[in-house]
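Enquirer: could you work out the structure for the sequence below:
(one chain, ligands or ions: 1)
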Amino acid sequence: MSARAGAKHPEEHPEDQTYSPPPARPLLEVSGVTLQYKTRDLLVTATRDVSFEVYPADRFVLLGPSGCGKSSLLKGVAGFLKPVAGFMRLNGQMITGAGPDRMMVFQDFDQLMPWKTVVENVMFPILVSRRFPRAEARERAMASITKVKLGKFADAYPHMLSGGMKQRVAIARAMAMEPAILLMDEPFAALDALTRRQMQDELLQLWDDIRFTVLFVTHSIEEAIVVGSRILVLSPHPGQVKAELNAHQYGHDHQGGSDFMALSQKINTMLFAEGHHG
Ligand SMILES: Nc1ncnc2c1ncn2[C@@H]1O[C@H](COP(=O)(O)OP(=O)(O)OP(=O)(O)O)[C@@H](O)[C@H]1O
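Expert: Below you'll find the predicted structure:
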């Protein structure tokens, strides 16, 4: 397995001769973001003053207990939730609404349209968004389906696939749009442990192949360390940044190793030391 350095940051690799500085501008800037939900008689603050920057090819993980606002941050980046304070910029442009440059993959198995085949599901956003010419839709969809190793199932319907396969189709559908950033909201949480591990490895393999940028939400410390190159640790409700950590050197091969365990313990202490309400 090749080293998954992701975008390197100056403070991490002072001795690394191959180091190339990150681009002057991050791909995604989240600055002082406070997100709230207003219901008729309730005001819920989901995150408070959250800031982070995601560089191209980062596998950036938002980690924190249930209710700390991880999904809300993803919704904000996706353009579905407007900050009440702070701002979010993608490629220097303020995020003001949804767009095909940000594709979301969810955890549930029913995100595919059951009446459409695998390839039709993957083609759908291409056709609707007009991001690419219609004539290219099938070819682009097939290329993406092949990348997630489902070429043989292109004409199958979702009910004929396992949970893990459906999830791969959802990833293929998002990747076919060539988004600037892939948004993944606990994408593997509903899978059994073995499939989940397999999917994490496949995601990393895919990343090795095409170096996309991903913003990944999880509440699993192990998953954050395995999947992430950088981890933003959030406090319980309302979510505030506790720390930003590097994890680019770890994969499943390192699980159980002393460094991996030490990082896991460090995060565990950060998350639970001051009381946990999740
Ligand atoms: N549509 C909504 N209306 C009102 N409050 C909401 C809404 N969605 C989320 N919240 C509240 O905002 C806070 C953050 O929720 P969010 O789903 O972002 O957290 P999370 O960290 O993703 O949690 P989980 O890991 O359980 O999915 C919670 O207190 C939640 O109850």
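Enquirer: what residue is smack in the middle of the protein?
Expert: Nearest to the mean C-alpha position of the chain, by C-alpha atoms, centre = their mean, lies residue 216 at 2.4 Å.
Enquirer: ok, the strand or helix carrying it: who's next to it in the sheet?
Expert: Using DSSP states H and E, residue 216 sits within strand 214-218. Here strand 214-218 has these sheet partners by DSSP bridges: strand 59-63 (parallel), strand 181-185 (parallel).
Enquirer: deepest in the core, which of these is it.
Expert: strand 59-63 (a mean of 27; mean count of other C-beta atoms under 10 Å). (Glycine included, C-beta is placed from N, CA and C.)
Enquirer: how about that one and the ligand, any contact?
Expert: No - using C-beta under 6 Å from any ligand atom, strand 59-63 stays clear of the ligand, coming no nearer than 8.0 Å.
Enquirer: now the element after that strand, going C-ward?
Expert: Following strand 59-63 in sequence, per DSSP H and E, is helix 70-78.
Enquirer: spell out which parts of the stretch 1-150 of the chain neighbour the ligand.
Expert: 37, 39, 44, 46, 64, 66, 67, 68, 69, 70, 71, 72.
Enquirer: okay, the residues you listed in JSON lines with distance to residue 231 and neighbour count next?
Expert: JSON lines is the format used below for these (distance: C-beta to C-beta, whole Å; neighbours: other C-beta atoms under 10 Å):
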{"residue": "37", "distance to residue 231": "25", "neighbour count": "11"}
{"residue": "39", "distance to residue 231": "31", "neighbour count": "7"}
{"residue": "44", "distance to residue 231": "25", "neighbour count": "14"}
{"residue": "46", "distance to residue 231": "19", "neighbour count": "23"}
{"residue": "64", "distance to residue 231": "10", "neighbour count": "28"}
{"residue": "66", "distance to residue 231": "17", "neighbour count": "12"}
{"residue": "67", "distance to residue 231": "18", "neighbour count": "17"}
{"residue": "68", "distance to residue 231": "13", "neighbour count": "27"}
{"residue": "69", "distance to residue 231": "16", "neighbour count": "28"}
{"residue": "70", "distance to residue 231": "12", "neighbour count": "26"}
{"residue": "71", "distance to residue 231": "17", "neighbour count": "18"}
{"residue": "72", "distance to residue 231": "18", "neighbour count": "25"}
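Enquirer: what's the farthest-apart pair in those residues?
Expert: Taking C-beta to C-beta as the measure, these span a maximum distance of 22.5 Å, between 39 and 64.
Enquirer: per-residue pLDDT of residue 21, please?
Expert: As predicted, residue 21 sits at a pLDDT of 58.
Enquirer: equivalent analysis for residue 2, please.
Expert: Residue 2 carries a pLDDT value of 47.
Enquirer: before we move on, back to that, could you dump the strands paired with strand 214-218 into CSV with mean pLDDT added?
Expert: CSV is the format used below for the strands paired with strand 214-218 (pLDDT from 0 to 100):
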stretch, mean pLDDT
strand 59-63, 97
strand 181-185, 96
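Enquirer: need those strands in CSV with distance to residue 248, can you?
Expert: As requested, the strands paired with strand 214-218 are exported to CSV (distance: least, C-beta to C-beta, whole Å):
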stretch, distance to residue 248
strand 59-63, 8
strand 181-185, 17
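Enquirer: of all these, which lies closest to residue 113?
Expert: Ranking the strands paired with strand 214-218 by distance to residue 113, with C-beta to C-beta as the measure, places strand 181-185 first at 18.9 Å.
Enquirer: kind regards, and thank you for your time.
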